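>>> Only the shape, not the letters, is given here:
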């Protein structure tokens, strides 16, 4: 994947679930870390599926004012936001994106971890998550690499806590598929999260919900023949850590 390839602005921004299938390739790497930890934005991200090593422009040479590497450019924008260095952020993003970022409510936790950059149909999508599990995708126009304002769009999804058992389980599985360890930690106990560390994410899992019970309700997740039953606390639905445990199902 060449980070200098010309790409135009996409007609629509990719949604977070759209990145889930490609992020499955990253899950084996992302699953090895502390689920509650995320490297701060002042540190370069780890190598990912992209061909460029973040912090090193393609083709060698000294770092440019405007990076020519896709992940480095995206990371520079996130680091400027976290600093905060709003003038630098304005150099790296379009005015619309700049305004949308600084207007995000909160503001969000600025302890960001870099997931990966994906070559979409007409642009690049670079994904990050923060220590709260919030998910950020920056869209970069490949034709503007090495120049100002290459970040042309964004998608931001804060961590939410569904009120139903199935929706809660689906939120956890999506976080697992995309490598968002902080969100997994927000939705489940460490014991429940550990049950998925040795499994490979499935693009389209199936869900079987037991009858509503009290104090726990079970959700069986079917992953290409492997079944895992999650036990969710009815009292904790709508808040953090409702997934109390997860165990393989033996037929």
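The structure has been received and is ready for your questions. Everything numeric here is computed off the predicted structure, so don't read it as measured data. Numbering: from 1, shown residues only.

>>> quick one, phi psi at the residue lying closest to residue 186 once chain neighbours are set aside?
Spatial nearest neighbour of residue 186, chain neighbours left out: residue 133 (4.7 Å); criterion: CB to CB, 6 or more residues apart in numbering. Yep, even glycine has a C-beta here, placed from its N, CA and C like the rest. Dihedral pair for residue 133: phi 90, psi 0, per degrees, to the nearest 10.

>>> any idea how far residue 133 is from residue 117?
20 Å (CB to CB, to the nearest Å).

>>> For those two, indicate the residue with more neighbours.
Higher neighbour count among residue 133 and residue 117: residue 117, with 29 against 25, using other CB atoms under 10 Å.

>>> Give me the sheet partners of the helix or strand encompassing that one and which way each runs.
Here residue 117 sits within strand 112-119, counting by DSSP states H and E. Strand 112-119 has the following strand partners under DSSP bridges: strand 124-130 (antiparallel).

>>> The strand it pairs with - what's its average pLDDT?
Averaged across strand 124-130, pLDDT comes to 96.

>>> That strand: what's the following helix or strand?
strand 135-140.

>>> what packs against that next one?
helix 16-30, helix 70-82, strand 124-130, strand 151-157 (3 or more CB pairs under 8 Å, 6 or more residues apart in numbering; DSSP states H and E).

>>> Recalculate using a threshold of 6 Å.
strand 124-130, strand 151-157 (3 or more CB pairs under 6 Å, 6 or more residues apart in numbering; DSSP states H and E).

>>> Can you convert these into a markdown table and add a column each for distance to residue 210 and mean neighbour count?
Compiled in a markdown table, the helices and strands packed on strand 135-140 are given as follows (distance: least, CB to CB, whole Å; neighbours: other CB atoms under 10 Å):
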| stretch | distance to residue 210 | mean neighbour count |
| --- | --- | --- |
| strand 124-130 | 30 | 25 |
| strand 151-157 | 28 | 20 |
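
>>> These: which one's closest to residue 102?
Among the helices and strands packed on strand 135-140, the nearest to residue 102 by CB to CB is strand 151-157 (11.5 Å).

>>> any idea of the mean pLDDT for the next helix or strand after that closest one?
On the C-terminal side of strand 151-157, the closest following helix or strand by DSSP H and E is helix 165-177. The average of the pLDDT scores along helix 165-177 is 96.

>>> tell me which residues in helix 165-177 are buried?
By neighbour count on 16 or more other CB atoms under 10 Å, the buried set for helix 165-177 is 165, 168-177.

>>> How far off centre is the next helix or strand after that helix?
Per DSSP H and E, the first helix or strand lying C-terminal to helix 165-177 is helix 181-187. The chain centre lies 11 Å from the centre of helix 181-187; the measure is CA atoms, centre = their mean, to the nearest Å.

>>> so which helix or strand takes in residue 200?
With DSSP H and E as the test, residue 200 turns up in no helix or strand.

>>> mind showing which ranges of the stretch 51-200 of the chain have poor pLDDT?
51-64 (pLDDT under 70).

>>> got the contact list for residue 175?
183-184 (CB atoms under 6 Å, 6 or more residues apart in numbering).
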